[in-house]
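A.B. asks: my questions concern the predicted model and sequence given below.
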Amino acid sequence: MKQLFGTFGVRRVANTVLTPEFASEIAAAYGTKVQGTIAVGSDPRTSSEMIKHAVTAGLLSVGCNVVDLGMLPTPALQYAVRNYYDGGIMITASHNPPKYNGLKLLDSDGIGTPDELEEQIEDIYFNKKQERVTWDKIGKAYKRDIIDEYIDEVLKRVDVEAIRDANLKVVLDCGSGAACDTTPYIIRRLGCDLTTLNCQPDGAFPGRNPEPTEENLGDLMAVVKATNADIGFAHDGDADRTICIDENGDFVFGDKSFALVEKAMLEKNNGGKIVTTVATSNAIADIALQNNGEIILTRVGDLVVARKLQEVDGLFGGEENGGLIFPDFVYGRDSGLATAMILEILAKTKKPLSELIDELPTYYSEKMKVECPDDKKQYVADKILEDTTDYEVDTIDGVKIIDGDSWIIIRPSGTEPIYRCFSEATTPEKAQELVEWGIGLINKHLE
C-alpha cells in the first residue's frame, strides 16, 4: 500500500515535509526507474522554484537529462511529454492552499504514473536505492519554451473563425496560477473581448483560493454580471480545471459544462466512448444514451479516467469538478482546450450559456466535506459500509449509495486529510437531505 502518493502524485506542506531533500530523493527514485530525458515544469507557488531545482538535481544525479519548461499548466507539460520526452514531473499542489506543493509524476504518454510504478518509487525512496551515476555520467539540463506550441495546438482543434465572428465577451479568472501565460492568449487569439481577473502569476494567490469553487469565485460572478459578459471562466492553480459562469453571473457546476461539451463531441463524431467517474452526474449517461454514446465508469481521479480513455480508445472524458479530457490531444484534464471548446459551442449555437445548460437533463447536486485523519479513513469507510447494508451500494471508489435516480458518494480525499460527500437528486431538497445524511454517517464514526 502506498504511503506517499495520493490520487495524483505527492502533496505536502512545502519546506516542512516537502523539503528540497525530500523532493530530490523522490525525483532520483523516479529517474532510477524511468531514465531518459525528463521534462520539468511548475506552477507559480512561492516554493516551486526551490523544489524545481531540487527535482532537477535528483534527476541529473541518476543520469537523466532534464528539460526545464518553466511555469506552465499541467496539461501543457503533459502535451510536451507525450510528444517529445520519456517522462515528466510537474511541481504543483493544484487546487490546494498556498502553503502546499507537490510532485505530479508522468509516464511517457503524459499520464500520471501507474500505481505499480509509484510503489516501486516508494520502495527505492524508503530503502535509499537510488542508482546514482559516476561523475562523468551525470545528466545535462537545458530550457525550452513549449507554451506557444501548446496554444497553437489548442487553436487547431476548434473553429477559430466561427468564434471570432461571434464577438463574444469573456471574463477570465486565472486565480494567479499557471494559466496566466496560456488562457488569456488563447481567448484573445479567438477574437473575444476579454476582461481579466487574477491573471498575474502570484504564488501567494492573493486574489482568491486556488480551488475554483462557488464560494471562491464571487468576484468573477459579479464582474460577469456587471459587464454584461457572455461567459466567465476560472481555473485552479495548475490550470487543469475549467469552471464556467453564465451570462447572469451564476455559477455553473463542472458536471454541467462536462455534459455540454460531451453533447457537442458526440454530435460531431456520431457517438463514441465517454469515460467518467462514479462521482459524476447521471446527466452524462443520459446524454450518451441520446447521442449514440457509451458510458464507462471509473474510480475518482483524472489519471484513472485518462488511462481508461487510452485503454478503450475513448472519445472524451472528465470529472464533475470541471476537469475535461480530450484524449486525442492530452491524456489529462485540459483547461486551455476546454475553454476554447466551450467558446465554440456558444459561437455555433448562438445561444446564451444559461439556455444551453437548461437544455441539459436536470439534476441537482450538493457537496460537503469534513476533516478526517488519514489513519481513520479506512475505519470510517468500513463502518459506513456496515451502516448501509440495506441500500444498493457501489464500492468502485469509496461508498456510493444509490436510491433510484438519486445517489450519494462518500469517499476519502487522496490528497488531503478530509472526507468528501457528493449527492445528486432530481430536486434540490433531496440533494441537500442526502448530503447531510452522508456527512452524518462520517461524523458518527469520527467521534
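C.D. replies: Great, that's in hand.
A.B. asks: can I get stretch 104-114 in PDB, CA atoms only?
C.D. replies: What follows is stretch 104-114, C-alpha atoms only, in PDB (Å, rounded to 0.1, in the frame of the first residue of the first chain):
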ATOM      1  CA  LYS A 104       2.900  15.100 -10.200                       C
ATOM      2  CA  LEU A 105       4.900  12.300 -11.900                       C
ATOM      3  CA  LEU A 106       4.100  11.500 -15.600                       C
ATOM      4  CA  ASP A 107       4.900   8.500 -17.800                       C
ATOM      5  CA  SER A 108       5.900   8.800 -21.400                       C
ATOM      6  CA  ASP A 109       2.300   9.200 -22.600                       C
ATOM      7  CA  GLY A 110       1.900  12.200 -20.300                       C
ATOM      8  CA  ILE A 111      -0.400  10.300 -17.900                       C
ATOM      9  CA  GLY A 112       0.200  10.200 -14.200                       C
ATOM     10  CA  THR A 113       2.400   7.300 -13.200                       C
ATOM     11  CA  PRO A 114       0.500   4.000 -12.500                       C
END
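A.B. asks: can you list the buried residues in that stretch?
C.D. replies: 104-107, 109-113 (16 or more other CB atoms under 10 Å). All C-beta spots, glycine's among them, are computed from the backbone N, C-alpha and C.
A.B. asks: out of these, flag the one nearest to I91.
C.D. replies: Nearest to I91 among the buried residues of stretch 104-114, counting by CB to CB, is K104 at 7.9 Å.
A.B. asks: so where's the stretch 301-447 of the chain uncertain?
C.D. replies: Scanning the stretch 301-447 of the chain for pLDDT under 70 picks out 415.
A.B. asks: which parts of it are strands?
C.D. replies: Here the stretch 301-447 of the chain has its strands, by DSSP state E, counting those that start in this stretch, at 316-318, 324-325, 364-371, 392-394, 399-403, 406-412, 418-425.
A.B. asks: the third one - contacts with which helices or strands?
C.D. replies: Meaning strand 364-371. strand 418-425, helix 428-444 (3 or more CB pairs under 8 Å, 6 or more residues apart in numbering; DSSP states H and E).
A.B. asks: just the shortest one next, same as before
C.D. replies: Using 3+ CB pairs under 8 Å, 6+ apart as the contact test, the elements touching strand 324-325 are helix 254-269, helix 302-312, strand 316-318, helix 335-349.
A.B. asks: how about I124: what's its closest non-neighbour residue?
C.D. replies: Leaving out its chain neighbours, the residue that sits closest to I124 by CB to CB, 6 or more residues apart in numbering is A29, at 3.8 Å.
A.B. asks: to clarify, my last question referred to E371.
C.D. replies: Of all residues not flanking E371 in the chain, I418 sits nearest, at 5.5 Å (CB to CB, 6+ apart).
A.B. asks: thought that neighbour was touching V370?
C.D. replies: Yes. Using CB atoms under 8 Å, I418 is in contact with V370, at 6.5 Å.
A.B. asks: residues contacting the closest residue to P327 other than its chain neighbours?
C.D. replies: Among residues not flanking P327 along the chain, L309 sits closest, at 4.3 Å (CB to CB, 6+ apart). For L309, the contacting residues are 273, 275, 316-317, 325, 327, 331, by CB atoms under 8 Å, 6 or more residues apart in numbering.
A.B. asks: where neighbours are concerned, which of those has the most?
C.D. replies: G317 (30 neighbours; other CB atoms under 10 Å).
A.B. asks: which strand residues bridge it?
C.D. replies: V275, I325 (DSSP bridges).
A.B. asks: renumber starting at 36 from here on
C.D. replies: Taking 36 as the first residue, the last one we looked at is G352.
A.B. asks: that one against T312, yeah?
C.D. replies: No. Counting by CB under 8 Å, G352 does not reach T312; the two are 9.0 Å apart.
A.B. asks: where do the contact lists of the two overlap?
C.D. replies: V340.
A.B. asks: what residues are up against A213?
C.D. replies: 77-79, 106-109, 127, 236, 270, 272-274.
A.B. asks: turn the residues you listed into TSV, columns for pLDDT.
C.D. replies: Compiled in TSV, the contacts of A213 are given as follows (pLDDT from 0 to 100):
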residue	pLDDT
S77	97
D78	97
P79	97
M106	97
L107	98
P108	98
T109	97
T127	96
P236	96
H270	97
G272	94
D273	95
A274	95
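A.B. asks: for those, which one is nearest E297?
C.D. replies: Among the contacts of A213, and counting by CB to CB, the member closest to E297 is H270, at 20.0 Å.
A.B. asks: how about the helices in the stretch 36-185 of the chain?
C.D. replies: 55-69, 83-96, 109-119, 150-161, 182-191 (DSSP state H, counting those that start in this stretch).
A.B. asks: for the fourth one, which residues meet the burial criterion?
C.D. replies: Spelled out, that is helix 150-161. Neighbour count says helix 150-161 has 152-153, 155-157, 159-160 buried, by 16+ other CB under 10 Å.
A.B. asks: now swap in the first one and tell me
C.D. replies: Neighbour-count burial for helix 55-69, with 16+ other CB under 10 Å as criterion, is recorded at 55, 57-69.
A.B. asks: of the helices and strands packed on strand 359-360, which stretch is the most buried?
C.D. replies: Counting by mean count of other CB atoms under 10 Å, strand 351-353 has the highest mean neighbour count of the helices and strands packed on strand 359-360, with a mean of 29.
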